[in-house]
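> Any chance you could fold what I've pasted below:
(2 chains)
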2 protein chains.
Amino acid sequence: MTQKEYLDKNQERFINELLDWLRIPSVSADSAFKDDVKRAADFVADKLRLAGADNVVVEPTAGHPIVYGEKLIDPSKPTVLVYGHYDVQPSVPDHLWDTPPFDPTIRDGKIYARGACDDKGQAYMHVKAFETMMQTNSLTCNVKFMIEGEEEVGSANLGTYCRANKEKLACDVILISDTSMIANDTPSLDVGLRGLTYMEIEVTGPSIDLHSGVYGGAVANPANVICTMIASLHDENRHITIPGFYDNVVELTAEEREAMAQTPFDLDEYKRELKIQDVMGETGYSTIERTGIRPTLDVNGIWGGYTGEGSKTVLPSKASAKISMRLVPNQNWERIAQLFTEHMQRIAPPSVTVTVTPHHGGNPYMTPSDSKAYAAAVAALKESFGKDPVPTRSGGSIPIVALFEEVLGVKSILMGFGLDSDAIHSPNEKFGIFNFLKGIETIPLFFKYFG
Amino acid sequence: MTQKEYLDKNQERFINELLDWLRIPSVSADSAFKDDVKRAADFVADKLRLAGADNVVVEPTAGHPIVYGEKLIDPSKPTVLVYGHYDVQPSVPDHLWDTPPFDPTIRDGKIYARGACDDKGQAYMHVKAFETMMQTNSLTCNVKFMIEGEEEVGSANLGTYCRANKEKLACDVILISDTSMIANDTPSLDVGLRGLTYMEIEVTGPSIDLHSGVYGGAVANPANVICTMIASLHDENRHITIPGFYDNVVELTAEEREAMAQTPFDLDEYKRELKIQDVMGETGYSTIERTGIRPTLDVNGIWGGYTGEGSKTVLPSKASAKISMRLVPNQNWERIAQLFTEHMQRIAPPSVTVTVTPHHGGNPYMTPSDSKAYAAAVAALKESFGKDPVPTRSGGSIPIVALFEEVLGVKSILMGFGLDSDAIHSPNEKFGIFNFLKGIETIPLFFKYFG
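Okay, the predicted model is just below:
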């Protein structure tokens, strides 16, 4: 039976298996879901075994477990390490979902659920592509699977795991589907990922909430202070003002920017999709450049004082914010965390105290477009989509990718099948069934050309 | 029996009755407490009847009820209208209370409970002072009670009630204990109250929360935008930047400021008490002036994006803030609300939409120090404390006081017995038993000198 025939024959089962996986709320950020995260790991471990993988283990870590499995057919053949993650972002605010985040629903050929695209749906394409190659005796490379449960919280323990298992994880390329492509009729390959530094700050003024009338005007208000501090992090050109922030940023050449400008992009469609009147970003750069090649700083969450119903005339004791920065080559995430911390302490007025806590981070990454693996990915996409993929640079981050290169000395291929409109990290996250099946069809082609 | 004898004989019962009232969580801001608010109204109505008041009624309004009662002894004698409120501020954050907010506890001679000072404790002094005068046949004036349940949410319905009951509420002076005095050995009389304009803003960017990597840097982040907007409301001298904001502010004369500077005040003690390194406020004004005679703007609450455990790399769709301004003579709260609204709309970038919602407000107020009522209050405090009271200007607001003057054409006397350190609106609100009993002792003296 050909791979195509096997896929056609089993696609309904493949979809139903994914729906079962999506029903497990594997939210890694919230300890309340710890057991569900474990269940999601056991689920995919079982599926790897059933697909024919050997030595499948659910490796415990200081945090959530890592699922490993392998099929080593011939030491003389190249080895592909497939990386993915089974943990998902929190689903809050749940009331904005049209259907429950962990009760997957199919509408208009799309699967709606938290994790549908990021990354259960895309990771599962690899499990089913592997099953397809096994069942059709067409596996042309050795394959290793490493599917983790902490990607959405910074892969805190994966680095330790990689350092401790260099031999076991030895490979010629790392294949990852955790990014998006331009459109269903426009395949693309991610050649760059932004890095990330995720911080939290807490501004404390008086020891307790005060009456805003009795004390207002005389005592520093932490909520006002945190706004002033955050506002000062950008200048009028949306340039980030943290001293040293841009020191190692690689500026693209005119040719590179020219090439980037060729990427298919419709600004009006972009604004319509997001329901915004206008975009806003760094002066002198296009929207694609602002997300692809420029570092940014965003408040991910802010809170302080009375946020309940009605009014409370209080001068809050504390105000907090979660702030993350996306980084580009050659910024270093730990260096940026240090610059951010020093800067926040420097700009805090003497009337308050500021504590800065790093959450996690990772360095930016570039995929070389002159490698054998990259050529294989291009060939695979060209064969399944009937056209050459467009090289793109994603605004997102997969912090672990830079670490793979550092620890394992191996580059990663970012062959994503999602769409930017899949609303990952947002309510109503979705993944097209077309995309899911197209991935299962394309991945074996990568193995064919790389093998 | 003398008033003093009656007070000594009954003080324990007076305290226990207050504790019973404090056990009722009459939080007016939160509709979940609606029935408790009603119970608190019924409670004080019963106590007024028992004390000897006539025509006691719990008047329903569009919001929480108003308790009215009266004792008219002689049309030829002056009439005192006692105003107070039985509603309280929300108790959140409850975990910061040493003992439960609605389970009153006496420690070191102080009653700890939400509303202990603001205003159940102070309002109840009047009920017990009235009982004392009745039981000792020493009532020298006609007295009317008006105790409302919406002071903490802007007295939305009291204005309507006053306009509809001008005859019934006709009086020569309004007596209010809802402010503080300088210290237990330093009586003071409030001659000024700040006004209040309480607003809420919501900044909306994209229609849903977005991935901060995929969109960060290209799409306006409402949390960053709201910080920038709020930060811009003060300049480097902590001057408020809303055009026209200071137009009607009355500047004090050098003599008036000189007199104010004589008010007993210890800045080090003030900072120690609040556990702050330094104060912060408008350049060119002292701490007492910043809270007493200058208008201010404070964020009372701010929220947006992901505020849960861990991290979520989200670009929030919305961010909101509750912002209140304290006003001084002759600012008009509705005019300020309009200037604020226009300004926020003007400074909002085109990439977001801003909605501004007014919560409530009231105008600033001044008590003339040359009136018969003021002289009676001075004489009463001098007799009970053994020294002349110091005239002060409170930073707080009792929005309804200005409305009383407008609708009833009568001035109010602000004879408060609390202390700034009573932590009203904060966790561990308290009221000294000394202060409670001193009030019950002093109030009849006011009636004596005014009658």
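> can you pull the contacts of residue A:355?
Residue A:355 sits next to A:201, A:202, A:204 when contact means CB atoms under 8 Å, 6 or more residues apart in numbering or on different chains. Where you see a C-beta, it was placed from the backbone N, CA and C, and this is true even at glycine.
> Inside strands: which ones of those?
If you go by DSSP state E, the contacts of residue A:355 have A:201, A:202, A:204 in strands.
> do you know how far the last one is from chain B?
Read that as residue A:204. 9 Å (CB to the nearest CB, to the nearest Å).
> now swap in the second one and tell me
Using CB to the nearest CB, residue A:202 is found at 12 Å from chain B.
> Which positions are bridged to that residue in the beta structure?
Note on residue A:202: beta-bridge partners residue A:320, residue A:355, judged by DSSP bridges.
> Next one, pLDDT for it please.
Per-residue pLDDT puts residue A:202 at 98.
> Likewise for residue A:73?
97.
> contacting residues around the residue sitting furthest away from the middle of chain A?
In chain A, the residue that sits farthest from the middle, by CA atoms, centre = their mean, is residue A:214; the gap is 47.2 Å. Counting by CB under 8 Å, 6+ apart, residue A:214 touches B:180, B:291, B:394, B:395, B:396, B:420, B:424.
> go again using 7 Å as the cut-off
Residues near residue A:214 by CB atoms under 7 Å, 6 or more residues apart in numbering or on different chains: B:291, B:395, B:396, B:420.
> which one of these is nearest chain A?
For these, the residue nearest chain A by CB to the nearest CB is residue B:396; the value is 3.5 Å.
> Around the spatially closest residue to that closest one that is not a sequence neighbour, count how many other residues there are.
Of all residues not flanking residue B:396 in the chain, residue A:213 sits nearest, at 3.5 Å (CB to CB, 6 or more residues apart in numbering or on different chains). If you count neighbours by other CB atoms under 10 Å in any protein chain shown, residue A:213 ends up with 26.
> Just give the number of residues close to residue A:120.
29.
> Verify the contact between it and residue A:87 for me.
No: when contacts are counted by CB atoms under 7 Å, residue A:120 is not listed as touching residue A:87 (9.0 Å).
> mind checking how far residue A:242 is from residue A:336?
According to CB to CB, to the nearest Å, residue A:242 stands 8 Å off from residue A:336.
> Looking at these two, which one has more neighbours?
Taking neighbours as other CB under 10 Å, residue A:242 and residue A:336 compare with residue A:336 leading, 27 against 20.
> give me the beta-bridge partners of the closest residue to that one other than its chain neighbours?
In space, not counting the residues next to it along the chain, residue A:336 is nearest to residue A:197; the distance is 4.5 Å by CB to CB, 6+ apart. Partner residues in beta bridges with residue A:197, using DSSP bridges, are residue A:325, residue A:361.
> Take the ones in strands among the contacts of residue A:355 and write them to CSV, including neighbour count.
Conversion of the ones in strands among the contacts of residue A:355 to CSV gives the following (neighbours: other CB atoms under 10 Å in any protein chain shown):
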residue, neighbour count
A:201, 22
A:202, 17
A:204, 19
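> Which of the residues you listed sits closest to residue A:322?
residue A:201 (8.4 Å; CB to CB).
> so the closest one sits right up against residue A:321, yeah?
Yes: counting by CB under 7 Å, residue A:201 touches residue A:321, with 5.5 Å between them.
> Just the CA coordinates for stretch A:214-232, please, in PDB.
In PDB, the C-alpha atoms belonging to stretch A:214-232 read as follows (Å, rounded to 0.1, in the frame of the first residue of the first chain):
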ATOM      1  CA  VAL A 214      -6.600  61.000  52.700                       C
ATOM      2  CA  TYR A 215      -3.300  60.100  51.100                       C
ATOM      3  CA  GLY A 216      -3.800  60.800  47.400                       C
ATOM      4  CA  GLY A 217      -1.300  63.400  46.100                       C
ATOM      5  CA  ALA A 218       1.200  62.900  48.900                       C
ATOM      6  CA  VAL A 219       2.100  59.200  48.700                       C
ATOM      7  CA  ALA A 220       3.400  57.500  45.600                       C
ATOM      8  CA  ASN A 221       0.700  55.400  43.900                       C
ATOM      9  CA  PRO A 222       2.300  52.100  42.700                       C
ATOM     10  CA  ALA A 223      -0.300  51.800  39.900                       C
ATOM     11  CA  ASN A 224       0.600  55.200  38.600                       C
ATOM     12  CA  VAL A 225       4.300  54.500  39.100                       C
ATOM     13  CA  ILE A 226       4.200  51.200  37.200                       C
ATOM     14  CA  CYS A 227       2.400  52.900  34.300                       C
ATOM     15  CA  THR A 228       5.100  55.600  34.100                       C
ATOM     16  CA  MET A 229       7.900  53.000  34.300                       C
ATOM     17  CA  ILE A 230       6.300  50.900  31.500                       C
ATOM     18  CA  ALA A 231       5.500  53.900  29.300                       C
ATOM     19  CA  SER A 232       9.100  55.000  29.500                       C
END
